[in-house]
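Asks: Okay, predicted coordinates and the sequence, questions at the end:
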Amino acid sequence: MTIRWKPVVTGVVLAGLVGGVGYAVQQKLATQAATQPGRPPAGARNSVVAVQAGTVAREDVPIWFDGIGTVQAFNTVTVRARVDGELQRVSLQEGQLVKAGDLLATIDSRPLQAQLAQAQAKKAQDEAQLANARRDLERNMNLKEFASRQTVDTQRALVAQYEAQIRADEAAIEAVQVQLNYTTITAPISGRIGLRNVDQGNVVRASDQNGIATITQIQPIAVLFTLPEKQLQAVLAAQAQGPVTVEAQDREGRRVLDTGSLAVIDNLIDTGTGTIRLKAEMPNDPQKLWPGQFVNVRLLSTIRRGATTVPATVVQRGPQGTYAYVIKDDLTVEQRPIKVARQEENKAIIDEGLTPGERVVVDGQYRLQPGSKIRIVEPIASAAPVGAAPATPAPEAAPANRPQDQPHDPAAREERRRERQQQRENNGGGNAPTPTTSREGRQPS
């Protein structure tokens with residue numbers, strides 16, 4: 001390298017060092033300003049935050065206890081044959097609704113009819129012998145001194161014997177008639193028939209355990225469910241006031257299948273689970289409940305009159321407890337501590353901190369701090385009624401420079417906002433210029 005090139009190279013190196021040091025200092029200052037504890041990001045207090053708002057309401061709120069239950073038939077009967085014989089006729093249809101007394105099946109009755117005829121003939125024979133014995137007794141008694149006393153007593157005993165035999169014959173006839181009645185199988189209860197276990201033509205026996213079919217009573221129907229033992233006293237108090245309303249909902253808890261009343265509270269608490277079993281009775285009309293079905297159960301314990309309510313999303317939690325953002329008249333927010341009495345999926349009951357008619361922030365709280373200016377993006381909505389689905393907030397339009405797969409985590413969004421602000425500041429301040437050199441013609445050394 002010639003001496004003429006040395007000043008040029010030295011200038012380039014010094015310019016690069018100065019630019020790099022300046023850029024590093026600017027980056028450090030920007031990072032400290034963005035991450036300094038207790039200070040909001042630059043421009044955060046002056047920026048307007050878009051939020052959704054709701055109104056604090058006063059209304060009567062039903063207090064429900066939620067449990068998990070199983071539908072249970074009020075009565076279940078296995079229809080069995082009570083006499084042995086061939087199944088001559090099956091009148092039932094699988095899945096059929098029957099009433100008590102409806103004909104279900106018929107068993108061959110001919111063997112029993114023969115037994116009945118035999119018992120009736122035996123009775124006629126004994127009646128003839130009894131009549132003859134009575135005539136002999138009467139003749140002996142008329143002979144008086146010509147018949148010994150022993151002969152009369154013997155004849156009288158024979159008459160009593162035949163009378164007892166006739167009573168036995170009558171009992172035998174009645175027993176066979178009962179057996180004959182059993183050859184006609186009828187429904188013992190009203191309900192729905194399940195799958196048939198035996199077909200026509202098979203020989204059934206009274207000792208068969210499976211039976212011909214099963215009938216379950218489904219109107220009314222029972223729901224067996226459990227509640228925590230801490231809710232027992234409230235349930236007992238509600239029961240003392242009158243019938244306690246119980247709802248059966250589908251597996252997702254979105255649709256009420258039937259409504260009934262509390263029928264039974266079990267007489268003991270399960271010490272293993274800390275729960276108590278309860279049974280509700282429901283009309284099941286139309287038949288939406290099925291024996292063995294899993295349901296969500298809601299029991300109405302009481303109705304809280306004139307309660308202060310807000311949408312559940314209003315309630316926020318922090319190190320100091322629960323709070324809510326209250327909207328002032330100048331469209332700034334106040335972070336106010338609140339006391340929550342009860343919170344459900346869509347609604348919260350507030351004991352302290354809020355007054356009916358005040359406006360509160362329903363969505364967008366993570367971008368707020370006390371004193372932030374806000375802009376309400378949709379009309380003020382009252383607290384949703386019990387059981388109603390919460391309003392779906394309108395999605396915010398994504399900035400043009402935000403990727404579509406950008407996550408919605410508040411901390412991550414705040415970090416990206418700081419990075420964008422830092423980039424804007426860097427672009428405004430200007431980076432250190434890159435030193436350039438003019439091309440000079442090379443001269444021979």
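Replies: Thanks, I have it.
Asks: need the helices for the stretch 51-200 of the chain, in chain order.
Replies: With DSSP state H, counting those that start in this stretch, the ranges of helices along the stretch 51-200 of the chain come out as 110-143, 149-182.
Asks: Need the ones you listed in CSV (columns: mean pLDDT and mean neighbour count).
Replies: All C-beta atoms are positioned from the backbone trio N, CA, C, and that covers glycine. Shown next, in CSV, are the helices of the stretch 51-200 of the chain (pLDDT from 0 to 100; neighbours: other Cβ atoms under 10 Å):
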stretch, mean pLDDT, mean neighbour count
helix 110-143, 87, 15
helix 149-182, 89, 15
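Asks: Switch those helices over to CSV; also include distance to Leu224.
Replies: Below are these laid out as CSV (distance: least, Cβ to Cβ, whole Å):
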stretch, distance to Leu224
helix 110-143, 42
helix 149-182, 34
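Asks: Nearest to Glu378, out of these?
Replies: Each of the helices of the stretch 51-200 of the chain was scored for nearness to Glu378 using Cβ to Cβ, and the closest is helix 149-182 (73.5 Å).
Asks: how far out from the middle of the chain is the closest one?
Replies: In this view, helix 149-182 has its centroid 65 Å away from the chain centroid, taken as Cα atoms, centre = their mean, to the nearest Å.
Asks: try stretch 295-315
Replies: How far stretch 295-315 lies from its chain's middle: 17 Å, per Cα atoms, centre = their mean.
Asks: follow-up on the earlier one: could you point out which of the helices of the stretch 51-200 of the chain sits nearest Gln219?
Replies: Relative to Gln219, the nearest member of the helices of the stretch 51-200 of the chain by Cβ to Cβ is helix 149-182, separated by 27.9 Å.
Asks: which helices and strands sit right next to that closest one?
Replies: helix 110-143 (3 or more Cβ pairs under 8 Å, 6 or more residues apart in numbering; DSSP states H and E).
Asks: Out of the helices of the stretch 51-200 of the chain, which gets nearest to Ser207?
Replies: Ser207 sits nearest to helix 149-182 of all the helices of the stretch 51-200 of the chain, at 13.8 Å, using Cβ to Cβ.
Asks: what angle sits between the closest one and helix 110-143?
Replies: With axes from the mean of the first three to the mean of the last three Cα atoms, to 10 degrees defining the directions, helix 149-182 sits at 160 degrees from helix 110-143.
Asks: and of the helices of the stretch 51-200 of the chain, who's closest to Ile221?
Replies: Evaluated over the helices of the stretch 51-200 of the chain, closeness to Ile221 peaks at helix 149-182, with 29.9 Å, by Cβ to Cβ.
Asks: returning to what we had before: can you tell me which of the helices of the stretch 51-200 of the chain is nearest to Glu344?
Replies: helix 149-182 (56.7 Å).
Asks: can you tell me which of the helices of the stretch 51-200 of the chain comes nearest to Ile303?
Replies: Across the helices of the stretch 51-200 of the chain, Ile303 has its closest neighbour in helix 149-182 (54.7 Å, Cβ to Cβ).
Asks: how much space between Leu289 and Ala57?
Replies: Distance of Leu289 to Ala57, computed by Cβ to Cβ, to the nearest Å: 34 Å.
Asks: Equivalent analysis for Arg367, please.
Replies: For Arg367, the distance to Ala57 - Cβ to Cβ - is 25 Å.
Asks: which residue is nearest the middle of this protein?
Replies: With distances taken as Cα atoms, centre = their mean, Asn296 lies nearest the centre of the chain, 1.7 Å away.
Asks: and that residue, what helix or strand is that in?
Replies: Using DSSP states H and E, Asn296 sits in strand 294-311.
Asks: Please identify the pairing partners of that strand and their relative orientation?
Replies: Sheet partners assigned to strand 294-311 using DSSP bridges are listed as strand 57-73 (antiparallel), strand 245-249 (antiparallel), strand 347-352 (antiparallel).
Asks: Any buried residues in the last one, and which?
Replies: By neighbour count, and taking 16 or more other Cβ atoms under 10 Å as the criterion, the buried residues in strand 347-352 are Lys347, Ala348, Ile349, Ile350.
Asks: One more: the first one?
Replies: If you call a residue buried by 16+ other Cβ under 10 Å, then strand 57-73 has these buried ones: Ala57, Glu59, Val61, Ile63, Trp64, Phe65, Asp66, Gly67, Gly69, Val71, Gln72, Ala73.
Asks: Let me see the mean pLDDT of it.
Replies: In this model, strand 57-73 carries a mean pLDDT of 94.
Asks: What ranges in the stretch 201-350 of the chain fall below the confidence cut-off?
Replies: Scanning the stretch 201-350 of the chain for pLDDT under 70 picks out nothing.
Asks: what about the strands in it?
Replies: For the stretch 201-350 of the chain, the strands defined by DSSP state E, counting those that start in this stretch cover 203-204, 213-216, 221-228, 245-249, 256-270, 275-282, 294-311, 316-318, 321-327, 333-337, 339-343, 347-352.
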